[in-house]
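**Q** pasted the sequence and its predicted model underneath.
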Amino acid sequence: MTLLAGPYALVILFFGGGAFWNGEIALGFAIIGSAYLALGSGISARRLFKSDLDAKFDNRKQSLLIALLATLMLAASVALVHYFEITFGTVSGFASILVGIAIGCFADMSQNTQEEDAEPGE
């Protein structure tokens, strides 16, 4: 799933750049902003539900804050898509939000988790 983060970013930048090119600056920012807010919401949700967190990061103290931020980012993303009526051809802009959340939840982009998953002696 990590391999999909790059193409997702490029597709969103393509559609946002196309809106910039057509002179619709606010729509371009809305496309890019809503996609990256959805991606951030998915990453926050992954950090919230991941059981093997970093030892320095106390999840009990931060879980309410992470849940609140993930909810606010998702709400802002949905509001941008709804307000600007974002569509990609025949596909609704809510599909880009769902894809962003899925990539954020299931893609493990940090090197620390890859090192933790490796077995000792490798």
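**A** Everything's here; your move.

**Q** so what's the predicted local confidence for the residue nearest the centre of the chain?
**A** The chain has Leu39 as the residue nearest its centroid, 0.3 Å off, counting by Cα atoms, centre = their mean. We have a pLDDT of 93 for Leu39.

**Q** please apply the same query to Phe88.
**A** We have a pLDDT of 88 for Phe88.

**Q** and the closest residue to it other than its chain neighbours, its phi and psi?
**A** Excluding the flanking residues, the one nearest Phe88 by Cβ to Cβ, 6 or more residues apart in numbering is Phe15, at 6.0 Å. Quick note: C-beta positions are derived from backbone N, CA and C, even for glycine. With angles defined as degrees, to the nearest 10, Phe15 sits at phi -70, psi -40.

**Q** coming back round to it: what's near enough to touch the residue nearest to the centre of the chain?
**A** Residues near Leu39 by Cβ atoms under 8 Å, 6 or more residues apart in numbering: 5, 8, 100-101, 103-104.

**Q** how far does stretch 100-111 sit from its chain's centre?
**A** Distance of stretch 100-111 from the chain centroid (Cα atoms, centre = their mean, to the nearest Å) equals 8 Å.

**Q** just the helices in the protein please.
**A** Assigned by DSSP state H, the chain shows helices spanning 5-21, 25-49, 59-84, 93-106, 111-117.

**Q** how near is Val99 to Ala35?
**A** Per Cβ to Cβ, to the nearest Å, Val99 is found 8 Å from Ala35.

**Q** mutual contacts of these two, please.
**A** Residues within reach of Val99 and of Ala35 at once, by Cβ under 8 Å, 6+ apart, are Tyr8.

**Q** which one of those two has more residues nearby?
**A** Just comparing Val99 and Ala35: by other Cβ atoms under 10 Å the higher neighbour count belongs to Ala35, 27 against 18.

**Q** would you agree that one is in contact with Gly100?
**A** Yes - counting by Cβ atoms under 8 Å, Ala35 touches Gly100, with 5.3 Å between them.

**Q** pLDDT weak spots in the chain?
**A** Within the chain, the stretches with pLDDT under 70 are 51-60, 109-122.

**Q** kindly recompute the last result at 80.
**A** 1-2, 49-63, 108-122 (pLDDT under 80).
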